[in-house]
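Colleague: structure for this input, please:
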Amino acid sequence: MAVDDKTCRINIQVQSDDFDLGSEYSRLRHQADNPGAIVSFIGLVRDFIGEGTEGEQSLTLEHYPGMTEKALQDIADRACSRWPLSGCTIIHRVGKLVPSEQIVAVLVASSHRDAAFSGAEFIMDYLKTEAPFWKKQQAGDQAEWVVSRASDYQRASRWKNSKH
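Modeller: Numbers count the residues shown, from 1 in each chain. From the prediction side, this is the model:
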């Protein structure tokens, strides 16, 4: 189903720089048509190894420019076609990040809170399983590539057979 640009304004950003939640909220609030609710989710880089680990921890995200933005646009389009959303912002960072840094922002506007909450949750579930990002965790000299967990796919699969 095609999404009318005037109905659901979508903003996709893939960037190495940090983002300002207040600015993004303000932008969406002014761009969205008659929002009654804006739901935001901000993901942070976790301390993935735990205390007592030697060396600096980092998470490096790689992607293919163009392909990544297209995949994020598709996820947002699906959310906008499923719920009466008036706006959606997805910001995903790439490059080297350390624990407690912001990694992802999803903001969803709708005239109703249920649609905004569901839209944001749907987007995050599919970002975890379909977005083409490659993640490498590093602690000191130890490094490993991160794969999506079975629980991520289970969460995303619940949307396949549900109307909302």
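
Colleague: which residues are in contact with the helix or strand of the chain with the lowest mean pLDDT?
Modeller: In the chain, no helix or strand scores lower on mean pLDDT, DSSP states H and E than helix 150-157, which sits at a mean of 81. With contact meaning CB atoms under 8 Å, 6 or more residues apart in numbering, helix 150-157 is reached by 125-126, 128-130. C-beta coordinates here come from the backbone N, C-alpha and C atoms, glycine included.

Colleague: and the longest helix seen in the chain, how far out from the chain middle?
Modeller: Scanning the chain for the longest helix, with DSSP state H as the assignment, gives helix 113-130. Distance, stretch centre to chain centre, for helix 113-130: 8 Å (CA atoms, centre = their mean, to the nearest Å).

Colleague: ranges for the helices of the protein?
Modeller: Using DSSP H, helices in the chain cover 21-31, 67-82, 113-130, 150-157.

Colleague: sorry, back to before: run the angle between the longest helix of the chain and helix 150-157 for me.
Modeller: Interaxial angle, helix 113-130 versus helix 150-157 (axes from the mean of the first three to the mean of the last three CA atoms, to 10 degrees): 130 degrees.

Colleague: low-confidence ranges, the chain, go.
Modeller: Confidence mapping of the chain against pLDDT under 70 gives the ranges 1-6, 49-54, 161-164.

Colleague: could you redo the last one with a cut-off of 80?
Modeller: Across the chain, the ranges flagged by pLDDT under 80 are 1-6, 48-55, 148, 152, 155, 161-164.

Colleague: scan the contacts of helix 150-157 and report the most crowded one.
Modeller: residue 126 (21 neighbours; other CB atoms under 10 Å).

Colleague: how many residues are close by the closest residue to that one other than its chain neighbours?
Modeller: Excluding the flanking residues, the one nearest residue 126 by CB to CB, 6 or more residues apart in numbering is residue 75, at 4.6 Å. When counting by other CB under 10 Å, one arrives at 24 neighbours for residue 75.

Colleague: for the one 3 residues further on, same thing?
Modeller: Neighbourhood size, residue 78 [other CB under 10 Å]: 18.

Colleague: is it true that it touches residue 126?
Modeller: Yes - between residue 78 and residue 126 there is a contact under CB atoms under 8 Å: 7.4 Å.

Colleague: look at residue 105 and say how many residues are nearby.
Modeller: 20.

Colleague: what sits against it?
Modeller: Neighbours of residue 105 in contact, by CB under 8 Å, 6+ apart: 19, 21, 24, 40-43, 89-91.

Colleague: cool, thanks, talk later.
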